[in-house]
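Peer 1: sharing a sequence plus its predicted fold:
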Protein chains: 2
Amino acid sequence: MINDKLKRILSSDTPQLIGKKILLAGWIKTRRDHGKLIFFDLRDRTGLVQLVVNPKVSGGSYKIAQDLRPEYVIGVIGEVKRRPEGTVNKDLHTGEVEVEISEINILSRAKPLPFDIGGEELSLELPTLLDHRSLGLRHPKISAIFKVQETIANTFRKTLREEGFTEIFVPTLVPFATEGGAEVFPVDYYTHKAYLAQSPQMYKQIMTSIFERVFTIAHAYRAEPSVTTRHLSEYVSLDAEFGFIDSWEDLMDMAEKIIKEIIDEVEDKNDKDLKIFNVKKLPEIKHKIPRLKMREAQEIIFKRTNTDHKGEPDLDPQDEKEILRWAEEETGAPFVFITHYPTKKRPFYTMPDPKDPDFTLSFDLLGINEEWVTGGQRINNYDQLLSNIKKWGNSPSNFEIYLQAFRYGMPAEGGFAMGLERITKDILGLLNVREASLFPRDMERIDERFSKTDSKTD
Amino acid sequence: MINDKLKRILSSDTPQLIGKKILLAGWIKTRRDHGKLIFFDLRDRTGLVQLVVNPKVSGGSYKIAQDLRPEYVIGVIGEVKRRPEGTVNKDLHTGEVEVEISEINILSRAKPLPFDIGGEELSLELPTLLDHRSLGLRHPKISAIFKVQETIANTFRKTLREEGFTEIFVPTLVPFATEGGAEVFPVDYYTHKAYLAQSPQMYKQIMTSIFERVFTIAHAYRAEPSVTTRHLSEYVSLDAEFGFIDSWEDLMDMAEKIIKEIIDEVEDKNDKDLKIFNVKKLPEIKHKIPRLKMREAQEIIFKRTNTDHKGEPDLDPQDEKEILRWAEEETGAPFVFITHYPTKKRPFYTMPDPKDPDFTLSFDLLGINEEWVTGGQRINNYDQLLSNIKKWGNSPSNFEIYLQAFRYGMPAEGGFAMGLERITKDILGLLNVREASLFPRDMERIDERFSKTDSKTD
């Protein structure tokens, strides 16, 4: 980088290198001038380390350091030293050391920043933050969100792989609106119309007839005509599906296992990130997550709040929060399965409960604040599925590739899907799901706000 | 499944269970009647096992077995037995055993098949195969492709994770055609126009300023107005990008490392799948992959074939095959880096060679048959990038979020992308990239052919 003989050292390794001359590289987070000394916090992918520039040690470095401002990218050579008594920072992994600089090389200059990103908080409104997304992401309180997100996605994959699932890659361009409804984005596909998939549902079901157990991390698209704090127009869906189930309860067992693993892994791998968000402890799922029929949940809510939603076909956000409070009181953890949603309110492929066909063998897993997982057993009998497609007002010819999988033998099967951004949001206690999407898409924005007139760039 | 006391056993475990009574479940692959005995090959997610139904052992099972046809899903109970002398099948993992059935339960019936899928080959034309994709995928010579594909994707992730890369999730809905050109699909995005990303390029570059080293497995969309054997309208792109490179050769080193790992892992994990394709040995990369400038490659091709393409701005498919033959003769493996493509032919963000700015610090890695990886160093200086955006005829205001990353300090960086389906295709020696896509999208088809009039479903 700036020296052929030294290999770059990462900041997190400096505490083990006291007395050594090393090469570091990264971004200047903050600059502090103390009398004749200049201090920098240098940020690299492993965290921060303090640099000190002393004119008595290197006049040349001191001269260059005069011009350095936040977000300049620099390479430096220096000696790792124990910090003087009383200046140790116990909150920082490298807080016992500093690097005394003998050489500085400017790798990339930064224009003056539109706002300071060196503080502990970035107290800006979300629209402003998103207007400056690429800069704001550099703040540890924003980048940490996506380290947690990575752990969630990876744990989903790891857990399912251990359970014999095969990872599949399925298309997002689909020939029609599979789940019905108007909330679908049309695409000009050569001389035809195509649509963006609302979920990988049909394809993961088909693939259970090939690999029995499959998962996919897919992009899903919803043309929600409203702006809420919990919806994105494009989101990442963690989808699993498996056959040869003994009972539809197997599906909830698997979902529960994954959620527990996710919480354990985030706790284990992201302790530094959780600390940034003042999350001291994630809810521990010690007991089996309760499984309530929707009607039972409505009864409990009625008893607790005197709000009578017993005739409603779904729980509204307030109901969800109330039943989560109940679950936390009962089990110590805010997680609860709500099952048996009405047949009319679920997609055509949902398996009706044989004991009460107006309700389905479907479930939502509510977690912390809202729905985390949705799933259920699917109809695997070809004739029943065909009849339901017609009953729901669809044309079977649109479903030929899907129906093939059932026409030629399909075991009892089901699955579930979870929204990556939502789980990230709730684990960190974020207020808006947009914060948990690197580059969130909604009605008002794709990177830049639609309402904005031509922005100036120079 | 059919018995509360027995847990389902997978076919691959049967050789260890001789003498035991077990429960199996799966699809009937083939049926053979030998005198009074009926034999079935049962397929589950781990492979095949032979079932034998003997009326003297179980009259009830024999009666049910009369009606069983290929692709019926059944659960069976039986005893694992060593096969009689002379009937052992050495090509099959379970070839030394068979299961003598005492109980059969039909879990799902299959309609008569439109073609036989029980043989070693599925000798059908690709369009016919794709018309019956969900059925055809059940054939081991098709499903094996996607087990290999899973290994490729997973090895990409695993290798990069070990190298300190962070996995990111970036959007596919973009505000304009980032890489230029007409080959982009427009989307009706609320009251606006959006486009499907041709690559995750801009976002992975931005993210190097956050995590230094990032990768993503992204869907990419190309509205190629032609049908070739090597293009898909939607494909899976394995993308990596990293900063603080000492030299652009670091990029090729990383790409080479990943490709070697992929070949090793496929060889190790997919030996069964490779065998199905008669791939005895994958090419072993023993030496460093040669790195040739495009002009040097053209010179070599000219000397070998007397075809003069020395003035051309790119290698055509025949050139690629010829230089791969050269590489195989030189190193024993058909892999070669071609570098220094002309500046005019590469996107605006490509770093020109400081020694010869008409050519770029870009590369393609050709593998086996065609381009596997494309990459290069990017311009990381803000002013140079801004000037290039204008020079390429684009409006900087469209690139605001992208430019932010460079305006505020970006180290020397670069990266590469590889097409998952293409690598899968070449490793298995497939003729058409569509074979390596579960549900391929092209000009003529989204699941069903556009030309097809209303298909009949009953």
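Peer 2: Sure, I can see it. Residues are numbered from 1 along each chain as shown, chains lettered A, B, ... in the order given.
Peer 1: please name the nearest non-neighbouring residue to the closest residue to chain B within the stretch 201-350 of chain A.
Peer 2: Here the stretch 201-350 of chain A gets closest to chain B at one residue, residue A:212, 4.0 Å apart by C-beta to the nearest C-beta. For glycine as for every other residue, the C-beta is placed from the backbone atoms N, C-alpha and C. Sequence neighbours aside, residue B:45 is the residue nearest to residue A:212 in space, at 4.0 Å (criterion: C-beta to C-beta, 6 or more residues apart in numbering or on different chains).
Peer 1: what are the buried residues along the stretch of helix or strand residue A:390 belongs to?
Peer 2: Applying DSSP states H and E as the criterion places residue A:390 in helix A:382-391. Residues of helix A:382-391 classed as buried: A:382, A:385-386, A:388-389 (neighbour count, 16 or more other C-beta atoms under 10 Å in any protein chain shown).
Peer 1: what about residue A:299, which helix or strand?
Peer 2: Using DSSP H and E, residue A:299 sits in helix A:294-305.
Peer 1: next up, phi/psi of the residue of the stretch 201-350 of chain A closest to chain B, please.
Peer 2: Dihedral pair for residue A:212: phi 70, psi -50, per degrees, to the nearest 10.
Peer 1: could you give the average pLDDT over the very next helix or strand once past the helix holding residue A:299?
Peer 2: Scanning forward in sequence from helix A:294-305 by DSSP H and E, the next helix or strand is helix A:317-331. Averaged over helix A:317-331, pLDDT sits at 96.
Peer 1: any buried residues in helix A:317-331, and which?
Peer 2: In terms of neighbour count (16+ other C-beta under 10 Å), helix A:317-331 has its buried residues at A:319-324, A:326-327, A:331.
Peer 1: just the CA trace of it, in PDB.
Peer 2: Only the C-alpha atoms of helix A:317-331 are listed here, as PDB (Å, rounded to 0.1, in the frame of the first residue of the first chain):
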ATOM      1  CA  PRO A 317     -50.800  -4.600  14.900                       C
ATOM      2  CA  GLN A 318     -52.200  -3.700  18.300                       C
ATOM      3  CA  ASP A 319     -53.500  -7.200  18.800                       C
ATOM      4  CA  GLU A 320     -50.100  -8.600  18.000                       C
ATOM      5  CA  LYS A 321     -48.400  -6.400  20.500                       C
ATOM      6  CA  GLU A 322     -50.900  -7.400  23.200                       C
ATOM      7  CA  ILE A 323     -50.600 -11.100  22.600                       C
ATOM      8  CA  LEU A 324     -46.800 -10.700  22.600                       C
ATOM      9  CA  ARG A 325     -47.000  -9.000  26.000                       C
ATOM     10  CA  TRP A 326     -49.100 -12.000  27.200                       C
ATOM     11  CA  ALA A 327     -46.500 -14.400  25.800                       C
ATOM     12  CA  GLU A 328     -43.700 -12.600  27.500                       C
ATOM     13  CA  GLU A 329     -45.500 -12.700  30.800                       C
ATOM     14  CA  GLU A 330     -46.300 -16.400  30.400                       C
ATOM     15  CA  THR A 331     -42.900 -17.700  29.100                       C
END
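Peer 1: report the inter-axis angle for it versus helix A:294-305.
Peer 2: 80 degrees (axes from the mean of the first three to the mean of the last three C-alpha atoms, to 10 degrees).
Peer 1: next up, the contacts around the residue of chain A most remote from its centre.
Peer 2: Taking C-alpha atoms, centre = their mean, the residue of chain A most remote from its mean C-alpha position is residue A:56, at 48.4 Å. Counting by C-beta atoms under 8 Å, 6 or more residues apart in numbering or on different chains, residue A:56 touches residue A:36.
Peer 1: which SS class is it?
Peer 2: Classification of residue A:56 using DSSP: H, G, I helix; E, B strand; the rest coil returns coil.
Peer 1: what's the pLDDT at the residue of the stretch 201-350 of chain A closest to chain B?
Peer 2: In this model, residue A:212 is scored at 98, pLDDT.
Peer 1: ok, residue A:166 next?
Peer 2: 98.
Peer 1: next: the one 4 residues further on.
Peer 2: Reading off the per-residue confidence, residue A:170 sits at a pLDDT of 98.
Peer 1: any idea which element it lies in?
Peer 2: Under the criterion DSSP H and E, no helix or strand holds residue A:170.
Peer 1: next, give phi and psi for it.
Peer 2: According to degrees, to the nearest 10, residue A:170 has phi -120, psi 160.
Peer 1: now the one 5 residues further on
Peer 2: Backbone dihedrals for residue A:175, given as degrees, to the nearest 10, come out at phi -80, psi -20.
Peer 1: low-confidence ranges, chain A, go.
Peer 2: When residues are selected by pLDDT under 70, those of chain A lie in A:1-4, A:178-181, A:452-458.
Peer 1: contact partners for the residue of the stretch 201-350 of chain A closest to chain B?
Peer 2: Applying C-beta under 8 Å, 6+ apart, the residues near residue A:212 are A:164, A:242-244, A:411, B:44-45.
Peer 1: ok, now residue A:353?
Peer 2: Per C-beta under 8 Å, 6+ apart, neighbours of residue A:353: A:340, A:359-361.
Peer 1: does it have beta-bridge partners, and which?
Peer 2: residue A:356 (DSSP bridges).
Peer 1: again, but for the one 10 residues further on
Peer 2: When bridges are called by DSSP bridges, residue A:363 pairs up with residue A:339, residue A:375.
Peer 1: now residue A:42
Peer 2: Residue A:42 has these beta-bridge partners by DSSP bridges: residue A:28, residue A:49.
Peer 1: so residue A:222 sits against residue A:196, correct?
Peer 2: No - Residue A:222 sits out of contact with residue A:196 when judged by C-beta atoms under 8 Å, with a separation of 9.0 Å.
Peer 1: which neighbours do those two have in common?
Peer 2: What both residue A:222 and residue A:196 touch, as defined by C-beta under 8 Å, 6+ apart, is the set residue A:184.
Peer 1: the two - which one has more neighbours?
Peer 2: Taking other C-beta atoms under 10 Å in any protein chain shown, residue A:222 and residue A:196 do not tie; residue A:196 has more neighbours (27 against 18).
Peer 1: mind listing what that one touches?
Peer 2: When contacts are counted by C-beta under 8 Å, 6+ apart, residue A:196 touches A:172-174, A:184-185, A:187, A:221, B:173, B:187.
Peer 1: sort out for me which of the residues you listed are in strands.
Peer 2: A:173-174, A:187, A:221, B:173, B:187 (DSSP state E).
Peer 1: now these: which count as buried?
Peer 2: A:173-174, A:187, A:221, B:173, B:187.
Peer 1: who are the packing partners of the lengthiest helix in chain A?
Peer 2: As assigned by DSSP state H, the longest helix anywhere in chain A is helix A:140-162. Applying 3 or more C-beta pairs under 8 Å, 6 or more residues apart in numbering or on different chains; DSSP states H and E, one finds that helix A:140-162 contacts strand A:166-167, strand A:213-221, strand A:234-243, helix A:249-269, helix A:271-276, helix A:420-428, strand B:166-167, helix B:201-211.
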